[in-house]
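K.L.:
Structure of the sequence below:
(one chain, ligands or ions: 2)
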Amino acid sequence: MKITYLGHSSLSIETKDKTLLIDPFISGNELAKEIDINTLQADYILITHAHQDHILDVEAIAKRTGAKIISNYEIVTHFGEKGIEGHPMNHGGKWTFDFGTVHYTNAIHSSSFPDGTYGGQPGGFVIETSHHRLYIAGDTALTLDMKLIPDVVGELDLAVLPVGDNFTMGIKEAIKASTFLNCNKVLGYHFDTFGYIKIDKIAAMNKFTKAKKELILLPIGGNIKI
Ligand code: NI
Ligand code: MN
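P.N.:
Ligands and ions are numbered 1, 2, ... in the order given. Prediction:
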């Protein structure tokens, strides 16, 4: 499984033969100028919640690629009205797709569309393929619910957690989340895009090292394989 960081909370995940995009917010991100949304591949677009910094490029990419949306019922309905196909889920549910199984997990945050309409409750995802298990938290506070994930779903290979603070958990809470998740390997996201979420990356990684954990902060366009 190859995970490419596209800036902010946007990821491209290549499984054996499908490409999943997560929360594409690229054309509005000054820091992600080198990523061209017109060349991104996508078989599926997974959306954690309805905020603009998670859905901005969904419509353009879905219409060009024919990608199917996976999100909560309200978000799938919203894009369905624009003629985009989707698969609706809700918290605690799982579904097996042609690339693997997706679990829609709890998040503590909000989820309105840019025009103020209701975007359902925010969530995160566990993506399970035959060889890997990846947790993508979405925008969330630290929550005890995270303890249930390895218990119910199984051991995680990687946890993708927001680390920018202010709108989500910060570094200190992400370290605690990693303990709750029983997963010492963390990919940080939702940092640096706006003034409110700028972080000291070296200090953040050092804090994880001190806690005997690993924080990976990829450059935009950079990737890791698990
Ligand atoms: Ni948000
Ligand atoms: Mn956000």
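K.L.:
Kindly report the residues of this protein close to ligand 2.
P.N.:
Residues of the chain lying close to ligand 2 (CB under 5 Å from the ion) are 53, 139. Backbone N, C-alpha and C define where each C-beta goes, glycine included.
K.L.:
so residue 109 touches residue 119, yeah?
P.N.:
No - contact criterion CB atoms under 8 Å: residue 109 and residue 119 do not qualify, at 10.5 Å.
K.L.:
Need the residues touching each of these two.
P.N.:
Common contacts of residue 109 and residue 119 (CB atoms under 8 Å, 6 or more residues apart in numbering): residue 49.
K.L.:
now the helices for the protein?
P.N.:
52-55, 58-65, 73-80, 148-152, 171-180, 201-210 (DSSP state H).
K.L.:
Can you tell me which of those is nearest to residue 194?
P.N.:
helix 52-55 (8.2 Å; CB to CB).
K.L.:
residues making contact with that closest one?
P.N.:
8-9, 23-25, 28, 47-48, 75, 113-114, 138-139, 193.
K.L.:
Looking at those residues, point me to the pair that's furthest apart.
P.N.:
Checking the contacts of helix 52-55 with CB to CB, the most distant pair is 75 and 193, at 20.8 Å.
K.L.:
Those two - which one has more neighbours?
P.N.:
Taking residue 75 and residue 193 together and counting by other CB atoms under 10 Å, residue 75 has the greater number of neighbours (27 against 21).
K.L.:
what sits against that one?
P.N.:
Residues counted as contacts of residue 75 (CB under 8 Å, 6+ apart) are 47, 49, 50, 55, 69, 86, 111, 119, 120.
K.L.:
I'd like the residues you listed written out as TSV, with pLDDT added.
P.N.:
Converted to TSV, the contacts of residue 75 look like this (pLDDT from 0 to 100):
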residue	pLDDT
47	99
49	98
50	98
55	98
69	98
86	98
111	98
119	98
120	98
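K.L.:
Of the helices of the chain, which is nearest residue 13?
P.N.:
From the helices of the chain, taking CB to CB, the stretch that ends up closest is helix 58-65, at 14.2 Å.
K.L.:
what's in contact with that closest one?
P.N.:
Contacts to helix 58-65, defined as CB under 8 Å, 6+ apart, come from residues 21, 24, 27, 37-38, 40-43, 45, 47, 67-69, 79, 82-84.
K.L.:
what angle do that helix and helix 73-80 make?
P.N.:
Counting by axes from the mean of the first three to the mean of the last three CA atoms, to 10 degrees, helix 58-65 points 60 degrees away from the direction of helix 73-80.
K.L.:
Test for you: state the pLDDT assigned to residue 131.
P.N.:
Looking at residue 131, its pLDDT stands at 89.
K.L.:
Return the distance of it relative to residue 41.
P.N.:
Distance from residue 131 to residue 41, counting by CB to CB, to the nearest Å: 21 Å.
K.L.:
And for residue 124?
P.N.:
Distance from residue 124 to residue 41, by CB to CB: 23 Å.
K.L.:
More neighbours: those two, which one.
P.N.:
residue 124 (27 against 13).
K.L.:
Give me the nearest residue to the more buried one, chain neighbours excluded.
P.N.:
Excluding the flanking residues, the one nearest residue 124 by CB to CB, 6 or more residues apart in numbering is residue 138, at 3.9 Å.
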